[in-house]
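J.: what's the 3D shape of this:
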Amino acid sequence: MEAIPIVISTADKLLPVCVDGKYGYINPRGDIVVSCQNDYASEFSDGLATIRQRFNHDNYDHQEIIVIDADIREIGRLVCGYCGDFSDGLMWFERNEKRGYVDRSLQVVIPPSFDNANAFVDGLAWANVRVPRPSEPGFMDQPEGIINRSGQWVIRPQYARVWSFRTGERVTGFTPDYKLWGLIDRQGVVLVGPRFAHVCLTSKGLTPASIRTGHGKDTKYGFINESGDWVVTPRFDNCYGEFSNDTLGAAVGDRWGIVNREGAWIIEPRFTVAESFHEGLSRVYVGGSYKGGDLRDGKWGYIDGDGEFVVEPIFDEAWPFKEGVAEVELAEGDPEEPGNYKSGYIDMQGRYIWEPTK
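T.: Numbers count the residues shown, from 1 in each chain. The predicted model follows:
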């Protein structure tokens, strides 16, 4: 394998970039510190990232990933298919269509035994397994549950859907059959039986939830506590994302704004979509339409707490700010076609740190 070039300040946050289909890293000033010579480079998480220098689709389960730290020192190598990001000191990896986990020294701590699994948060991770459907031979169900760092089921796989637990939260949502949702704690105790049309992720003990308002699919969203009592009565037609900085994107009709934990408007509903605040800015979608979870023909930009655009809506895709940087994308040609996007980074004034490339 070719050596990875090292040209970096240890204080820098590294960002993956792609040039002509090859990946490397830049620092927050836009300087290339790892040349774009790899088939893939992940974001840093938990102080570590993964690089693939060669990818062979015909030899999927035998790909070699290189794990590096923030000083671009090689921590080790792992042979696997897909892998996730490090979180809580562990990273999921895939072999033979099963997922397990390695620790920061790349030692296998949970052998691949799950059909799907996600990142650990506060010692717990979401996972599922395939099981035969008794009533229909040849068909499989994929019940979901929660595992601990030993790979044991804390909440056995019995639900159609279970949300992952968030940092510091003791409650999350579950649904036995996708018809109704309830709340469950970290030990698997059902705190609120399934009676809501939908629940979102919990934040500081508050969960956006919806109820059906008629015989059709119409629902209204409000906020419930861990006992399932309404703290904010159902009054919104939709919610987007999750609470951040005690704010949440919400809609009345087809117009979106931003509310606080008391359900009061911080930003009045006037956007196609609006999201909670991250680092003082909210990403909003203007123009186009939002139907069935599908955004079309509009653009993303960023507003401040007064609802004024700090970054004009010019992007076809955009993500929340993290540590003063946001990833954005511009489409070349038909935005519905895969591979037609260029990716870059902006600062909180909308200036390019890295102009979009692909």
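J.: my guess is P16 contacts K22, does it?
T.: No. Applying Cβ atoms under 8 Å, one finds P16 not in contact with K22, separated by 11.0 Å. C-beta coordinates here come from the backbone N, C-alpha and C atoms, glycine included.
J.: more neighbours, these two?
T.: P16 (21 against 15; other Cβ atoms under 10 Å).
J.: bridging residues for the more buried one?
T.: Y25 (DSSP bridges).
J.: can you tell me the centre-most residue of this structure?
T.: G241 (9.8 Å; Cα atoms, centre = their mean).
J.: which one is that residue nearest to, not counting chain neighbours?
T.: Once flanking residues are discounted, G241 sits nearest to E275: 4.8 Å by Cβ to Cβ, 6 or more residues apart in numbering.
J.: so in that sheet, which strands flank the helix or strand harbouring W300, and in what orientation?
T.: Following DSSP states H and E, one finds W300 within strand 299-303. If you go by DSSP bridges, strand 299-303 pairs up with strand 282-286 (antiparallel), strand 309-315 (antiparallel).
J.: the very next helix or strand once past the longest one: how far from the chain's middle?
T.: Taking DSSP H and E as the definition, the helix or strand that follows strand 309-315 towards the C-terminus is strand 317-318. Here strand 317-318 is found 14 Å from its chain centre; the criterion is Cα atoms, centre = their mean, to the nearest Å.
J.: Y302 against E308, yeah?
T.: No. Contact criterion Cβ under 8 Å: Y302 and E308 do not qualify, at 10.1 Å.
J.: who's more crowded, the two?
T.: Using other Cβ under 10 Å as the criterion, Y302 and E308 rank with Y302 on top: 27 against 7.
J.: report the separation between that one and E329.
T.: Using Cβ to Cβ, to the nearest Å, Y302 is found at 14 Å from E329.
J.: now Q53
T.: 25 Å.
J.: one step back: can you tell me which residues contact the residue nearest to the centre of the chain?
T.: G241 is in contact with 248-249, 275-276, counting by Cβ atoms under 8 Å, 6 or more residues apart in numbering.
J.: could these go into CSV alongside pLDDT and neighbour count?
T.: Listed next are the contacts of G241 as CSV, based on pLDDT from 0 to 100; neighbours: other Cβ atoms under 10 Å:
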residue, pLDDT, neighbour count
L248, 98, 28
G249, 97, 28
E275, 96, 26
S276, 97, 23
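J.: residue contacts, the residue nearest to V199 when sequence neighbours are not counted?
T.: Leaving aside its chain neighbours, V199 sits nearest to G173 (3.8 Å; criterion: Cβ to Cβ, 6+ apart). By Cβ under 8 Å, 6+ apart, the residues touching G173 are 161-163, 181-184, 199-202, 207.
J.: which of those residues ranks first by neighbour count?
T.: The contacts of G173, ranked by neighbours (other Cβ under 10 Å): first place T207, 28 neighbours.
J.: and the helix or strand harbouring it, how far out from the chain middle?
T.: Taking DSSP H and E as the definition, T207 sits inside strand 207-212. Chain-centre distance of strand 207-212: 21 Å, with Cα atoms, centre = their mean.
J.: so which elements touch that strand?
T.: Under the contact criterion of 3 or more Cβ pairs under 8 Å, 6 or more residues apart in numbering; DSSP states H and E, strand 207-212 touches strand 190-196, strand 198-199, strand 219-224, strand 238-244.
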